[in-house]
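**Q** no sequence on this one, just coordinates:
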């Protein structure tokens with residue numbers, strides 16, 4: 001999102017969360033006092049952390065934004081991939097919210113490039129005009145497949161069950177290997193870890209781990225321009241055998 005906004009000429013204001021796992025209304029108020037904001041964009045479950053904003057906090061966040069005249073964009077692309085709490089849409093707390101969602105994650109259609117938006121009525125036609133200029137519409141094949149995906153709940157829940165199995169493994173093994181969790185693994189399929197027990201340069205560490213242990217992970221610098229050198233994102237979307245093997249390779253490599 002940072003790069004998309006920059007390409008569109010929008011001034012990006014990143015909000016530091018401190019020790020919090022997700023954006024609170026207080027963060028928004030403080031950021032707005034420092035520099036008036038026109039919009040706020042957040043994701044729940046989040047990437048890279050997997051953290052979920054609880055319903056009461058999400059309600060306060062939306063209400064605060066509306067009171068301050070800040071447009072709300074809620075990225076709900078990882079909905080239906082929460083493991084300890086029900087999915088809560090920001091639309092439950094305000095009529096002016098814009099929601100972004102996709103078939104890429106829960107519906108396993110990454111690469112089909114199809115998703116949807118829920119918009120305030122006043123924004124529907126402007127967004128239609130922009131869409132016509134950018135891409136006209138998703139390919140017909142993707143649209144047909146997306147309709148069929150709605151009927152594949154049994155298969156998709158089996159995939160989610162595998163994610164949950166992998167999640168349990170990584171929640172145990174990563175801290176044992178010296179990668180304590182930097183945020184709760186509430187949803188999505190990511191573990192966001194503190195790597196300072198091993199390095200103060202997550203980019204170099206990720207390159208070395210890939211070259212020597214043949215395990216790929218994403219340096220935190222991709223997500224956090226200030227403290228990302230201390231963190232790393234591990235994905236557990238693969239097979240369970242691959243997750244077991246990845247943990248074993250890292251353990252051998254670190255010895």
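**A** Nice, I can see it. Please read all numbers here as calculations on a predicted model, not as lab measurements.

**Q** quick one, helices of the stretch 101-250 of the chain?
**A** Per DSSP state H, counting those that start in this stretch, the stretch 101-250 of the chain carries helices over the ranges 121-134, 140-149, 153-176, 202-213, 240-254.

**Q** among these, which comes closest to residue 114?
**A** Minimum separation from residue 114 across the helices of the stretch 101-250 of the chain (CB to CB) falls at helix 140-149, 4.2 Å. The way it works is simple: take the backbone N, C-alpha and C, and place the C-beta from them, glycine included.

**Q** quick one: the closest one to helix 153-176, angle?
**A** Angle, helix 140-149 to helix 153-176, by axes from the mean of the first three to the mean of the last three CA atoms, to 10 degrees: 90 degrees.

**Q** end-to-end on stretch 173-192?
**A** 13 Å (CA to CA, to the nearest Å).

**Q** now swap in stretch 45-65 and tell me
**A** 19 Å.

**Q** now it: mean pLDDT?
**A** Averaging pLDDT along stretch 45-65 yields 96.

**Q** if we can go back for a sec, mean neighbour count, distance to residue 220 and mean pLDDT added to the helices of the stretch 101-250 of the chain, as CSV?
**A** Shown next, in CSV, are the helices of the stretch 101-250 of the chain (neighbours: other CB atoms under 10 Å; distance: least, CB to CB, whole Å; pLDDT from 0 to 100):
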stretch, mean neighbour count, distance to residue 220, mean pLDDT
helix 121-134, 10, 30, 93
helix 140-149, 13, 32, 97
helix 153-176, 15, 14, 98
helix 202-213, 16, 5, 98
helix 240-254, 15, 17, 98
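
**Q** quick one, which of those helices gets closest to residue 16.
**A** helix 202-213 (18.0 Å).

**Q** so the closest one versus helix 240-254, what angle?
**A** Using the same axes, to 10 degrees: helix 202-213 against helix 240-254 is 100 degrees.

**Q** may I see the buried residues of stretch 75-94?
**A** Buried residues in stretch 75-94, counted by 16 or more other CB atoms under 10 Å: 75-83, 88, 90-91, 93-94.

**Q** residues contacting the residue nearest the centre of the chain?
**A** Centroid-nearest residue in the chain: residue 47, 2.1 Å away (criterion: CA atoms, centre = their mean). Residue 47 makes contact with 77-78, 188, 190, 223, according to CB atoms under 8 Å, 6 or more residues apart in numbering.

**Q** what do you get if the cut-off is 7 Å, keeping everything else the same?
**A** Residues in contact with residue 47, defined by CB atoms under 7 Å, 6 or more residues apart in numbering, are 78, 188, 190.

**Q** cool, and residue 38?
**A** Neighbours of residue 38 in contact, by CB under 7 Å, 6+ apart: 70-71.

**Q** how near is it to residue 217?
**A** Separation of residue 38 from residue 217 (CB to CB, to the nearest Å) stands at 35 Å.

**Q** same thing with residue 59?
**A** Counting by CB to CB, the gap from residue 59 to residue 217 is 34 Å.

**Q** which of these two has more neighbours?
**A** More neighbours surround residue 217 than the other of residue 59 and residue 217, with 21 against 17 (other CB atoms under 10 Å).

**Q** one step back: with distance to residue 15 added, can I get the helices of the stretch 101-250 of the chain in a markdown table?
**A** Listed next are the helices of the stretch 101-250 of the chain as a markdown table, based on distance: least, CB to CB, whole Å:
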| stretch | distance to residue 15 |
| --- | --- |
| helix 121-134 | 23 |
| helix 140-149 | 33 |
| helix 153-176 | 27 |
| helix 202-213 | 21 |
| helix 240-254 | 32 |
